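> the following block contains a protein sequence and its predicted model.
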Amino acid sequence: MTARQPADRTTYAPFILGQSLLLVDPGLTAKAAIFQRKAGWIGNGHDWQSIAKTLLKEQHPALSERIEFDSEAEMFVARGEHADLITLAEAMCRVYHGDGRLTDLQSRAELD
């Protein structure tokens, strides 16, 4: 049995890393205006999931099969081994804090 990891709310902020990787409000909607530049996107948990899947496919293809998603409109959720979630958290944090990166990934992502 794996020991539970305490939730880290600062290292990858606004993402929260614990047993899963989460993004909830206010972090979830803070980038809504960027998402909404493209028709059909609103910036909810499903949209962030689409970004994460594209990011994994392009930058970390081995993780694509190991990380599962369970996002809802109100939150982004990724589940997997802790080491894999750290890799995803680092990459998603860079995307979150780099509007150009977010826009670039969105241009290739498919809505979930």
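Looks like it came in fine.
> need the contact list for Ala30.
By CB atoms under 8 Å, 6 or more residues apart in numbering, the contact set of Ala30 is Pro14. In this view, the C-beta of every residue, glycine as well, is placed from N, C-alpha and C.
> can you read off the pLDDT for it?
The confidence metric pLDDT takes the value 95 at Ala30.
> how far away is it from Leu56?
Summarising the geometry, the distance separating Ala30 from Leu56, computed by CB to CB, to the nearest Å, is 22 Å.
> how about low-confidence regions in this protein?
Residues of the chain that meet the criterion pLDDT under 70 lie in 1-5.
> any chance you could map the strands in this protein?
When assigned using DSSP state E, the strands of the chain occupy the ranges 16-17, 20-23, 68-69, 76-79.
> and among the ones you listed, the most buried is which?
strand 20-23 (a mean of 23; mean count of other CB atoms under 10 Å).
> what does it contact?
Looking at what lies outside strand 20-23 - CB under 8 Å, 6+ apart - the contacts are 12, 14-16, 45, 48, 70, 75-79, 85, 88-89, 92, 96.
> and what of stretch 43-58?
Contact with stretch 43-58 is made by 23, 28-29, 31-36, 41, 63-64, 67, 69, 71-78, 88, 91-92, 95, 102, 105-106, 108-112, as judged by CB under 8 Å, 6+ apart.
> let me know which of the strands of the chain is the nearest to Ala7.
Comparing the strands of the chain against Ala7 with CB to CB, the closest turns out to be strand 16-17 (5.7 Å).
> could you give the separation of that closest one from the chain centroid?
What separates the centre of strand 16-17 from the centre of its chain is 10 Å, taken as CA atoms, centre = their mean, to the nearest Å.
> mind giving me the packing neighbours of it?
Contacting strand 16-17 under the criterion 3 or more CB pairs under 8 Å, 6 or more residues apart in numbering; DSSP states H and E are the following elements: helix 82-96.
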